[in-house]
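Asks: Give me a 3D structure for the following:
(one chain, ligands or ions: 1)
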Amino acid sequence: MRIILLGPPGAGKGTQSERILQRFGIPQLSTGDMLRAAVAAGTPVGLEAKAVMESGGLVSDRIVVGIVADRIEEPDAKSGFILDGFPRTVAQAEALSTMLAGKGMDLDAVIEFKVDENALVGRIEKRAAETQARGQAVRKDDTPEVFKQRLEAYRAQTAPLSDYYAKTGLLHTVDGMQQIDNVTAEIMGLLEPHAERVES
Ligand code: AMP
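Replies: Next up, the predicted model:
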């Protein structure tokens, strides 16, 4: 099973990815996590991405498509995967489509989280406070100022993917403002018919 979770930052994609992983055993491929790891390790990709990420902009399609292409080759992604935070532009969606077609693979579903943008800043502040309370480092882009930029990037560059995937017939929309468990239940209902597509 290969799925995409689409939605603005703070919509709950990460939380739901963990639950999909538990249910179906397919890994979450988060480009944000991969890029943060590259920044922390000081790799050439990390050095190139750092400033853009800290400003709330989007890293170049070339870099992101490259890391996803490498990641889906890894053994744990053979049974399927959850793409979280990718694609974020139409160009990335087209590159993904080409990449999967080249491997004889296709997508099962794109799940879009509909959320009230006004509630997102509060969610991000909560996430930052909880991270700090655990004694972990808070993401540099989880400040209200940078968050606004991230939301702006989402509106301008990522929101058009909703139409893009609607045309493919793969798009499903969930109400991301519900209780977390209810969002999960809705997603599981959508994915259950694809369960046999988790290759062992
Ligand atoms: P996220 O953890 O998904 O919120 O991503 C954090 C940051 O990483 C974003 O604000 C972007 O700067 C960068 N990033 C993550 N995924 C992508 C992507 N698919 N395309 C471009 N930039 C990305």
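
Asks: got a list of what the closest residue to the ligand within the chain touches?
Replies: Proximity of the chain to the ligand (Cβ to the nearest ligand atom) peaks at residue 32, 1.9 Å away. C-beta here means a position set from N, CA and C on the backbone, and glycine is covered the same way. Going by Cβ atoms under 8 Å, 6 or more residues apart in numbering, residue 32 touches 84-85.

Asks: run the last query once more with 7 Å
Replies: Residue 32 sits next to residue 85 when contact means Cβ atoms under 7 Å, 6 or more residues apart in numbering.

Asks: Now do the SS call for the nearest residue to residue 116 once chain neighbours are set aside.
Replies: Here the nearest residue to residue 116 in space, its sequence neighbours aside, is residue 177; by Cβ to Cβ, 6 or more residues apart in numbering that works out to 5.7 Å. Three-state assignment for residue 177 (DSSP: H, G, I helix; E, B strand; the rest coil): coil.

Asks: number of nearby residues for residue 177?
Replies: 14 (other Cβ atoms under 10 Å).

Asks: is it true that it touches residue 115?
Replies: Yes - at 5.7 Å, residue 177 counts as touching residue 115 under the criterion of Cβ atoms under 7 Å.

Asks: and residue 110, what element?
Replies: Element membership of residue 110 [criterion: DSSP states H and E] is strand 109-114.

Asks: so what secondary structure elements neighbour that strand?
Replies: strand 2-6, strand 171-175, helix 180-191 (3 or more Cβ pairs under 7 Å, 6 or more residues apart in numbering; DSSP states H and E).

Asks: Establish whether that strand and the ligand are in contact.
Replies: No - no part of strand 109-114 sits near the ligand under the criterion Cβ under 6 Å from any ligand atom; the closest distance found is 12.6 Å.

Asks: so that strand versus helix 180-191, what angle?
Replies: 150 degrees (axes from the mean of the first three to the mean of the last three Cα atoms, to 10 degrees).

Asks: how about the helices in the protein?
Replies: 13-24, 31-41, 44-55, 61-71, 90-102, 117-133, 144-153, 161-168, 180-191 (DSSP state H).

Asks: and those, which one's lowest on average pLDDT?
Replies: Ranked by mean pLDDT, the helices of the chain bottom out at helix 117-133, with a mean of 88.
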